[in-house]
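Student: Generate a structure from the sequence data that follows.
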Amino acid sequence: MPLRTRVLASLLLLAACNLPDAVRRVPPTAHGRYAQALRDAGLESTALGREWLVASDSALRAPLAAVLPSRELGAYSRSEARAVAYRVSLRDGQRLVATVRADGLRAAIFLDLFEIEPDSARSLVHRATADTLVRPDSAAAFLTLQFEATRDGNYVVRLQPELLRDGRFELILRAEPSLAFPVEGHGNRAIQSVFGMARDGGRRSHHGIDIFAPRGTPVIASTDGVVRSTDPSNLGGKVVWLGDERRRQSLYYAHLDSAVVTEGQRVRIGDTLGFVGNTGNARTTAPHLHFGIYRRGAGPIDPLAHVRQVLSETPVVRADTTRLGRAGVTLVDNATLRWAPSATSPALQQVPRASVVQIMGASANWYRVQFADGTTGYLSATAFGN
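Tutor: Below you'll find the predicted structure:
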């Protein structure tokens, strides 16, 4: 066996990093199996292997912030072991989609999602992982991770390539609604009444959102499910209850002009359930759909994030990507290192002129940089004369 092959095989068996207990208790992931294999080899003293293990832990403990939707181009090198992590906030009902496109030598890339527990800023619970991406030489390939949030929270996405590989990647992070918009041909602007608003002089609160549309506009299934009931009520008028068993919740469509489904009928996303009207206690208002979500064990929940459409475009990378993976020298006085690639992001520190950094990523007109002491953050491309 050639020496390089033996070295690679040994490095695959190096010792695992000291991750938080909440992370280590989860079932093995591709990243975890790789780290476990490293541990079993007992090669903790190998400099590059130790650097890989430390990097995976350090990235989780000090993630940078991502402004969704985000796009970052990055580089990794065989001479260094790097990991990068991004903190994102999700609302109950949003789906996070993380997509990696990689170019370069055949490599495994590990993509994992962790939730920051609400009662602790340091305790991480693994929530999702993507299949490891292994590519033939010189071919690009894609890796996708998806996760639906069932409560408001903060999450960390970590990306780390295996050892001894050169390459580049594009990581796109976006949050999208987990359900389809329930009124055909309409969107966010049609929502005119939101969850929690006072009703009947404050005697009750609004347990849904109202979506206004012309009478007769099709009302559609926001998910695959089974019609649980079409029994009318004084409050809702003509209604449809759609069971969403995968999410342990029911979708409530009220004030319909008419329903065209029957109890027990199975429907798919986009199927017509009925038509917009103003039946029930909405007979004095303009036609609209009252859309609600009732989750098992929680009662009514705010449906807005579940259906609100994302209209923001993923930003274009304008920074010079030929700098990726290279050293850069700042050319301005007191450039501001920031937590996220945004001028409104919290400042981490001021960077003097002629500071040397490693340029690891590019997002919009910003660079993700790393200093010799391991400090990371974002600097405007203008700090380097771009």
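Student: In the stretch 201-350 of the chain, where is pLDDT below threshold?
Tutor: 201-204 (pLDDT under 70).
Student: Which parts of it are strands?
Tutor: 204-205, 209-212, 218-220, 225-229, 238-244, 249-259, 266-267, 272-276, 288-295, 299-301, 327-329, 335-338, 347-351 (DSSP state E, counting those that start in this stretch).
Student: Dump those into JSON lines; add distance to L68 and mean neighbour count as well.
Tutor: Where you see a C-beta, it was placed from the backbone N, CA and C, and this is true even at glycine. Below are the strands of the stretch 201-350 of the chain laid out as JSON lines (distance: least, C-beta to C-beta, whole Å; neighbours: other C-beta atoms under 10 Å):
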{"stretch": "strand 204-205", "distance to L68": "29", "mean neighbour count": "11"}
{"stretch": "strand 209-212", "distance to L68": "22", "mean neighbour count": "22"}
{"stretch": "strand 218-220", "distance to L68": "26", "mean neighbour count": "21"}
{"stretch": "strand 225-229", "distance to L68": "28", "mean neighbour count": "18"}
{"stretch": "strand 238-244", "distance to L68": "24", "mean neighbour count": "22"}
{"stretch": "strand 249-259", "distance to L68": "24", "mean neighbour count": "22"}
{"stretch": "strand 266-267", "distance to L68": "31", "mean neighbour count": "15"}
{"stretch": "strand 272-276", "distance to L68": "31", "mean neighbour count": "22"}
{"stretch": "strand 288-295", "distance to L68": "22", "mean neighbour count": "23"}
{"stretch": "strand 299-301", "distance to L68": "21", "mean neighbour count": "15"}
{"stretch": "strand 327-329", "distance to L68": "26", "mean neighbour count": "14"}
{"stretch": "strand 335-338", "distance to L68": "16", "mean neighbour count": "20"}
{"stretch": "strand 347-351", "distance to L68": "20", "mean neighbour count": "14"}
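Student: just so I know, which of these lies nearest V157?
Tutor: Nearest to V157, of all the strands of the stretch 201-350 of the chain, is strand 335-338, at 18.4 Å by C-beta to C-beta.
Student: about what we covered before: rebuild the strands of the stretch 201-350 of the chain as TSV, extending it with distance to Q36.
Tutor: Output for the strands of the stretch 201-350 of the chain, formatted as TSV (distance: least, C-beta to C-beta, whole Å):
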stretch	distance to Q36
strand 204-205	50
strand 209-212	47
strand 218-220	46
strand 225-229	40
strand 238-244	37
strand 249-259	37
strand 266-267	43
strand 272-276	49
strand 288-295	37
strand 299-301	39
strand 327-329	34
strand 335-338	35
strand 347-351	34
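Student: those helices in the protein, which residues are they?
Tutor: Taking DSSP state H, the helices of the chain run over residues 3-11, 21-24, 30-41, 47-61, 304-307.
Student: quick one, which of these is packed in tightest?
Tutor: helix 304-307 (a mean of 22; mean count of other C-beta atoms under 10 Å).
Student: what sits up against that helix?
Tutor: 91-94, 177-182, 191, 194-195, 209, 222, 291, 293 (C-beta atoms under 8 Å, 6 or more residues apart in numbering).
Student: who's the residue positioned nearest the centre of the chain bridged to?
Tutor: The centroid of the chain falls nearest to L96 when counting by C-alpha atoms, centre = their mean (2.9 Å). For L96, the beta-bridge partners are F147, A175 (DSSP bridges).
Student: quick one: it and S89 touch, right?
Tutor: No: contact criterion C-beta atoms under 8 Å: L96 and S89 do not qualify, at 10.1 Å.
Student: follow-up on the earlier one: may I have the residues that are in contact with the residue nearest to the centre of the chain?
Tutor: L96 makes contact with 88, 90, 113, 145-149, 155, 157, 173-175, according to C-beta under 8 Å, 6+ apart.
Student: Out of the strands of the stretch 201-350 of the chain, flag the one nearest T46.
Tutor: Nearest to T46, of all these, is strand 327-329, at 24.9 Å by C-beta to C-beta.
Student: which secondary structure elements does the closest one contact?
Tutor: Judged by 3 or more C-beta pairs under 8 Å, 6 or more residues apart in numbering; DSSP states H and E, strand 327-329 is in contact with strand 356-363.
Student: re earlier: and of the strands of the stretch 201-350 of the chain, who's closest to T382?
Tutor: That would be, of the strands of the stretch 201-350 of the chain and by C-beta to C-beta, strand 335-338, which comes in at 8.2 Å.
Student: Appreciated, that's everything.
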